[in-house]
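In: pasting a predicted model and its sequence here:
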Amino acid sequence: MKINKEGYKIIFISGLSCILIAALSFLLFQHGGATWFNIVLVVLLFILRLFIISFFREPRRIRIHDNDLIFSPCDGRVVVTEKVFDDEYFHRECLQVSIFMSITNVHINWFPVGGIVKYFKYHPGKFLIAWHPKSSTENERTTTVVETPKGQEILFRQIAGIVARRIVSYCKVGDKVEQNTKCGFIKFGSRIDILMPTTSRLLVEIGDSVIGTQTPIARIGDFEDVEEE
């Protein structure tokens, strides 16, 4: 299993900590009556170690290219499909799709479309629960806008949650990026919002599970304006 580079330091430190805790436990509880405690502790530390390693796993996936499609930038579950007014970049009504990532999901983020990075900004902020509506505007987050080869601009936000306290982005303004290549990482649970023209055709619904780089969430085009439910 391949491990993402964002996990190297955490995996090393957590592994060393587990070894030290286990060793200290055996030194402090050497009597036979405490053997069960040492065994349980070692098992729990081993499970924790496996969880941390699996969190930073990097699955191998087929890279798909389609300039007319917006692909899911992460693994998770669709929690929002609605019209919103964006006052950061577009200053107009957009169609928003939000995807929530639990701590068991792969947490690599990918570019939902390819093209040129036209805008990037990091916003410090709060750490509300990621599915909270205000997390899109009040939580720590990054905003990235990519202009596709056909001139459509797609915005997506990496949003920190109540557990996630570290957002990593690999892009800067002016970069030429390919669809479904890695754009960043959010550590330990969070959310991504994707904003697109209201004339895009949604291909997912609330509650749908999506796979990053594999699940198309919308088709860009001059379709009829999406009506809110």
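Out: Looks like it came in fine.
In: every contact and neighbour count from this point should use C-alpha atoms.
Out: OK.
In: where in this protein is pLDDT low?
Out: 1, 7, 29-34, 125-138, 161-165, 188-189, 223-229 (pLDDT under 70).
In: repeat the analysis, applying 80 as the threshold.
Out: Counting by pLDDT under 80, the chain contains low-confidence residues at 1, 3-11, 14, 22, 25-39, 51-57, 125-139, 161-166, 187-189, 222-229.
In: tell me where it has helices.
Out: Taking DSSP state H, the helices of the chain run over residues 8-28, 35-55, 135-138.
In: who wins for proximity to Gly221 among these?
Out: helix 135-138 (25.2 Å; C-alpha to C-alpha).
In: ok, residues contacting stretch 166-184?
Out: Applying C-alpha atoms under 8 Å, 6 or more residues apart in numbering, the contact partners of stretch 166-184 are 63-65, 71, 73, 108-120, 141-142, 158-160, 185-187, 212-213.
In: if we go to 6 Å?
Out: For stretch 166-184, contacts defined as C-alpha atoms under 6 Å, 6 or more residues apart in numbering pick out 109-119, 185-187, 213.
In: what's the distance between Thr35 and Ser17?
Out: Going from Thr35 to Ser17 by C-alpha to C-alpha, to the nearest Å gives 20 Å.
In: what's the answer for Ser98, then?
Out: 36 Å.
In: which one's more surrounded, the two?
Out: Ser98 (24 against 14; other C-alpha atoms under 10 Å).
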